[in-house]
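Chemist: Sharing a sequence plus its predicted fold:
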Amino acid sequence: MYDAHAPQPLLALEGVTLTLPSAAGPVEILRGVDMTVAAGERVAVTGPSGSGKSSLIAVAAGLERPTAGRVTLFGQDLAALNEDGRARLRRGRVSLVFQAFHLLPNMTAHENVAAPLEIARRDDAEAAAREWLDRVGLSPRARHYPHQLSGGEQQRVALARALAARPALLFADEPTGNLDAANADHVAELMFDLVAEVGTALVLVTHDAALAARAERRAPMRDGRIREPA
């Protein structure tokens, strides 16, 4: 298990580049990114659309291999692990929340929260799902399917699903981007309160200055480069 008191950071990117092919030729998405995240820290990666923010999360979470550079997660060099190894490293310790919710449409809210816990063979999956739906204020909607929920409710289910495992690290990619102002504020406040309670580190990608201001540290990004500290 990862030791939160160990001197190494939870996450470290060193000289990370990402170049992807396109019809017009190779495109440099990330251009030598250096970034660290400590246990329990809340970092907002900010910048305009197309600056590489979402690609940064994909690389940092081990969902995309960098073209060059090094990504270390929980003290493990991701380059030394295959896809299954990276999935095992993330399991129960890394969660993701996306702008588009990504709930399973054929599962109820309760089932969406419980499913990852069941995959991880948690004996308390059902109880934990009930607890976390209650914590995001959705116990009365537990048996509803995603299409029966509002956007704000769907994102609260996604947040419950992400935090029910009490992960060490949460990546949130524009988590309020599809919500109206009232729901965005509610989800943002809930997210920051819950990660603080659980002790989860948060890497938040957003172009919303007000949301970024809630984080302890901001890492502005432009043209595939990041500048720290901010």
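Modeler: Yes, it's here.
Chemist: Any stretches of the chain with poor pLDDT?
Modeler: For the chain, the stretches with pLDDT under 70 are 1-7, 228-230.
Chemist: can you give me the strands for it?
Modeler: 11-20, 27-37, 42-46, 68-73, 76-77, 94-98, 169-173, 201-206, 217-222, 225-226 (DSSP state E).
Chemist: would you turn those into CSV with distance to A162 and mean neighbour count?
Modeler: Bear in mind the C-beta positions are built from the backbone N, C-alpha and C, glycine included. Shown next, in CSV, are the strands of the chain (distance: least, Cβ to Cβ, whole Å; neighbours: other Cβ atoms under 10 Å):
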stretch, distance to A162, mean neighbour count
strand 11-20, 16, 18
strand 27-37, 16, 19
strand 42-46, 15, 24
strand 68-73, 17, 18
strand 76-77, 21, 13
strand 94-98, 4, 22
strand 169-173, 6, 25
strand 201-206, 10, 26
strand 217-222, 21, 19
strand 225-226, 24, 20
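Chemist: wait, which of these is closest to G152?
Modeler: strand 94-98 (13.2 Å; Cβ to Cβ).
Chemist: Could I get the CA-only coordinates of the closest one as CSV?
Modeler: Taking C-alpha atoms only, strand 94-98 is exported to CSV below (Å, rounded to 0.1, in the frame of the first residue of the first chain):
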residue,chain,number,x,y,z
VAL,A,94,-7.1,6.3,-8.4
SER,A,95,-10.6,7.5,-9.5
LEU,A,96,-11.7,9.7,-12.4
VAL,A,97,-14.6,12.1,-12.8
PHE,A,98,-15.4,13.4,-16.3
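Chemist: Direction included, what does it pair up with?
Modeler: strand 169-173 (parallel) (DSSP bridges).
Chemist: Relative to the whole chain's centre, how far out is the partner strand?
Modeler: Centroid displacement of strand 169-173 relative to its chain, using Cα atoms, centre = their mean, to the nearest Å, is 2 Å.
Chemist: residue ranges for the helices of the protein, please.
Modeler: For the chain, the helices defined by DSSP state H occupy 53-60, 83-90, 109-119, 125-135, 151-163, 181-198, 209-212.
Chemist: between the ones you listed, which one is nearest to F101?
Modeler: helix 151-163 (4.4 Å).
Chemist: Residues contacting the closest one, please?
Modeler: 95-98, 101-103, 109, 112-113, 115-116, 129, 132-133, 135-138, 141, 146, 149, 170, 175-176, 178-180, 182-183, 186-187, 190-191, 194-195, 198, 200 (Cβ atoms under 8 Å, 6 or more residues apart in numbering).
Chemist: Drop anything exposed from the residues you listed.
Modeler: 95-98, 101, 103, 109, 112-113, 116, 129, 132-133, 135-136, 138, 141, 146, 149, 170, 175-176, 178-179, 183, 186-187, 190-191, 194-195, 198, 200 (16 or more other Cβ atoms under 10 Å).
Chemist: Please name the bridge partners of the spatially most central residue of the chain.
Modeler: For the chain, F171 is the residue whose C-alpha lies nearest the centre (Cα atoms, centre = their mean; 1.5 Å). Beta-bridge pairing of F171 under DSSP bridges involves L96, V203.
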